[in-house]
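Trainee: Coordinates for the following, if possible.
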Amino acid sequence: MKKGAKKVGVALVSYGCFFLYSRDQSTKKLNFTTIHHQIALTFLSGIGSRRARVIVSHFNDLEDFFTEKRLNLAKIPGIPADFVSMKLRLNALTEADKVLQELNRVGGKTVFFTEKEYPRRLKQCADAPLLLYTKGNIDWNPPKLVSIVGTRHATEYGKALTHELIESLAAHQVTIVSGMAYGIDIYAHQEALKHNLPTWGVLGHGLAKMYPSEHRKIAERMLETGGIISEFIPSQKPEPPHFPMRNRIVAGLTDATIVMESGEKGGSLITASLAADYNRDVFAYPGDVSRPYSKGCLDLIQKNQAHLICNAADLIRIMNWELEEQHSGQQRALFVDLNLREEKIISVLKTKPELTLDTIGYLSSLTVSEVSSDLLSLEFKGLVRSLPGRRFQLIH
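Mentor: This next block holds a predicted model:
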């Protein structure tokens, strides 16, 4: 050991195996799983989403953060030394180890916000979770993704609207997101399964639970082409504050939120408000003014907080899906030689009217030089237009 080198050790259990965690400046670092450190980051008290992003930007390998001297960490802007003591970091690693064992037991996976699999729509939200726990077979970035929400006290009217909507969306291969709750939520998941559409359920608890328990069988069917998602550790029980947190993920994952029916107050209105804050489209079905579960939708429409729609055709027209599909078909016919990077860029550009070069690189997980080269190629092919300020947009 070099003179002055310090060593810190703690016994940890990971996936049932015993490791000695040590840090010695003169020896090779142990190869701990990346997921272990990602989970541990979420256990640091006082390290919220913003600070966690600062930490990740300063370390190519999160293991370095968990072994770095406290005084050096205190030099990072916005990271108070009290939040990153060695004791707190070692405790976080120990807690993360327990979570790994839970996750292995329930057959779950994780997606960290720096990984290319992390849903690009959600990544655009400032309060997006650092880490998602998931089960199933989820294509995180499908072309069309909507959330369908509504009252837990769904009426036959609301169910009929939901059935018509999803039946019509089946031809457009739309992925359906909701919250696994009673009422409109679970009916939307069931209708998606009936029409062979992928559907994702966002939970207000961990993967080891299913609340309500009656929906477990439906959740199991969803795992084949969709899945369940949570920001909570697998053993976390459902608690009231978790459900508004769940709602922001329902809103942030999708291109649009559709409120089928709602009372004057309720979780679906919270989801709609969050979707609007994320600059996503919000839609609401009108209803009989005397119906208690039409009042929330009517209020959204009256205050211009949601588009009024009466059927799936209205949604498809406002979202421009028919035009996009026609244009996409023409592009595929004319430019079958698009490489994977070019396809990524096209997919990212579909999310906004225009994007900067740096933003395209960030959302597509490509370097600036790769994006510059591929954008030039796409311009030559007549698919992309350059704008002042290094901004770009798709040519429709």
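
Trainee: Moving C-terminal from the helix or strand of the chain with the lowest mean pLDDT, which element do we reach first?
Mentor: For the chain, using mean pLDDT, DSSP states H and E, the weakest element among its helices and strands is strand 17-23, scoring a mean of 33. The helix or strand immediately downstream of strand 17-23 is helix 34-41, counting by DSSP states H and E.

Trainee: okay, that following helix in PDB with CA atoms only?
Mentor: Output of helix 34-41 as PDB, limited to C-alpha atoms (Å, rounded to 0.1, in the frame of the first residue of the first chain):
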ATOM      1  CA  THR A  34     -23.700  -0.500 -11.600                       C
ATOM      2  CA  ILE A  35     -27.300  -1.100 -10.500                       C
ATOM      3  CA  HIS A  36     -26.200  -1.400  -6.900                       C
ATOM      4  CA  HIS A  37     -24.800   2.100  -6.900                       C
ATOM      5  CA  GLN A  38     -27.700   3.500  -8.900                       C
ATOM      6  CA  ILE A  39     -30.200   2.200  -6.300                       C
ATOM      7  CA  ALA A  40     -27.900   3.400  -3.400                       C
ATOM      8  CA  LEU A  41     -28.000   6.900  -4.900                       C
END
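
Trainee: Give the rounded mean pLDDT of the helix or strand just after that helix.
Mentor: Next in sequence after helix 34-41, counting helices and strands by DSSP H and E, comes helix 49-58. Averaged over helix 49-58, pLDDT sits at 83.

Trainee: and what of stretch 234-253?
Mentor: The average pLDDT for stretch 234-253 rounds to 96.

Trainee: how about it: buried residues?
Mentor: 234-236, 238, 242-243, 245-253 (16 or more other CB atoms under 10 Å). Backbone N, C-alpha and C define where each C-beta goes, glycine included.

Trainee: Quick check: the farthest pair among those?
Mentor: Farthest-apart pair in these is Ser235 and Ala251; separation 25.8 Å (CB to CB).

Trainee: can you pull out the helices in the stretch 1-150 of the chain?
Mentor: In the stretch 1-150 of the chain, helices defined by DSSP state H, counting those that start in this stretch lie at 34-41, 49-58, 62-67, 70-73, 86-106, 120-123, listed in chain order.

Trainee: most tightly surrounded among the ones you listed?
Mentor: Counting by mean count of other CB atoms under 10 Å, helix 34-41 has the highest mean neighbour count of the helices of the stretch 1-150 of the chain, with a mean of 21.

Trainee: and that helix with helix 86-106, angle?
Mentor: With axes from the mean of the first three to the mean of the last three CA atoms, to 10 degrees defining the directions, helix 34-41 sits at 120 degrees from helix 86-106.

Trainee: Just list what helix 34-41 packs against, helices and strands only.
Mentor: Packing partners of helix 34-41 (3 or more CB pairs under 8 Å, 6 or more residues apart in numbering; DSSP states H and E): helix 49-58, helix 62-67, helix 86-106, strand 109-112, strand 131-136.

Trainee: end-to-end on stretch 210-229?
Mentor: For stretch 210-229, the first-to-last residue distance is 11 Å (CA to CA, to the nearest Å).

Trainee: So that it lines up with my notes, have the first residue be 446 from now on.
Mentor: OK, 446 is where the count begins now, so the last one is stretch 655-674.

Trainee: Go through it and flag the buried ones.
Mentor: For stretch 655-674, by 16+ other CB under 10 Å, it's 655-656, 660, 663-664, 667-668, 670-674.

Trainee: The helix or strand harbouring Cys742 - contacts with which helices or strands?
Mentor: Using DSSP H and E, Cys742 sits in helix 740-747. Packing partners of helix 740-747 (3+ CB pairs under 8 Å, 6+ apart): strand 701-704, helix 712-722, strand 726-729.

Trainee: Mind listing residues that contact that helix?
Mentor: 596, 704-711, 713-714, 717, 727, 729-732, 734, 751, 753 (CB atoms under 8 Å, 6 or more residues apart in numbering).

Trainee: buried subset of those?
Mentor: 596, 704-708, 711, 713-714, 717, 727, 729-730, 732, 751, 753.

Trainee: Which of the buried residues of stretch 679-698 fall in helices?
Mentor: Members of the buried residues of stretch 679-698 lying in helices (criterion: DSSP state H): 687-688, 690-697.
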